[in-house]
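K.L.:
what's the 3D shape of this:
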Amino acid sequence: MKNKGVPAKISFNPGTYICNYTYFNCLQNIKDKDIETVFIHVPSSPKEVIELDIDIPTFPTYLIAEGLFDYLKNLK
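P.N.:
Residues are numbered from 1 along each chain as shown. Below you'll find the model as predicted:
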């Protein structure tokens with residue numbers, strides 16, 4: 001993702017509340033299947049933060065999308 005200008009890093013912490021719940025719920029549902037998984041946490045878009053009037057990190061949506069597409073395209 002860094003190749004596309006998206007500041008990204010590997011983390012082994014799925015976050016709290018909704019992200020944590022979503023990630024571990026997905027893992028529970030695939031535990032008996034031969035499926036690999038990855039959880040990609042992305043920041044909110046600037047538009048969403050403005051509309052919700054909240055103070056959280058944002059990143060331009062088009063750069064997030066470019067980084068995600070590049071990452072998924074290069075999965076092996």
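
K.L.:
List the residue ranges of the chain that fall below the pLDDT cut-off.
P.N.:
Within the chain, the ranges that satisfy pLDDT under 70 run 14-16, 76.

K.L.:
ranges for the helices of it?
P.N.:
In the chain, the segments counted as helices under DSSP state H are 18-30, 46-52, 61-73.

K.L.:
Of all residues in this protein, which one is nearest the centre?
P.N.:
Geometric centre of the chain, nearest residue: H41, 2.2 Å, by CA atoms, centre = their mean.

K.L.:
okay but that one is in contact with C19, surely?
P.N.:
Yes: contact status for H41 versus C19: in contact at 5.8 Å, counting by CB atoms under 8 Å. Backbone N, C-alpha and C define where each C-beta goes, glycine included.

K.L.:
For K9, find the nearest of the helices of the chain.
P.N.:
helix 61-73 (12.2 Å; CB to CB).

K.L.:
Show the secondary-structure elements that that closest one is packed against.
P.N.:
The criterion is 3 or more CB pairs under 8 Å, 6 or more residues apart in numbering; DSSP states H and E, and there are no helices or strands that helix 61-73 contacts.

K.L.:
Export only the CA atoms of that helix, formatted as PDB.
P.N.:
Output in PDB follows, covering the C-alpha atoms of helix 61-73 (Å, rounded to 0.1, in the frame of the first residue of the first chain):
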ATOM      1  CA  THR A  61     -10.800   7.700  -0.300                       C
ATOM      2  CA  TYR A  62      -9.200   7.500  -3.700                       C
ATOM      3  CA  LEU A  63      -5.800   6.800  -2.200                       C
ATOM      4  CA  ILE A  64      -7.300   4.200   0.100                       C
ATOM      5  CA  ALA A  65      -8.900   2.500  -2.900                       C
ATOM      6  CA  GLU A  66      -5.700   2.600  -4.900                       C
ATOM      7  CA  GLY A  67      -3.700   1.100  -2.100                       C
ATOM      8  CA  LEU A  68      -6.300  -1.700  -1.500                       C
ATOM      9  CA  PHE A  69      -6.600  -2.600  -5.100                       C
ATOM     10  CA  ASP A  70      -2.800  -2.700  -5.400                       C
ATOM     11  CA  TYR A  71      -2.600  -4.900  -2.300                       C
ATOM     12  CA  LEU A  72      -5.300  -7.300  -3.400                       C
ATOM     13  CA  LYS A  73      -3.800  -7.500  -7.000                       C
END
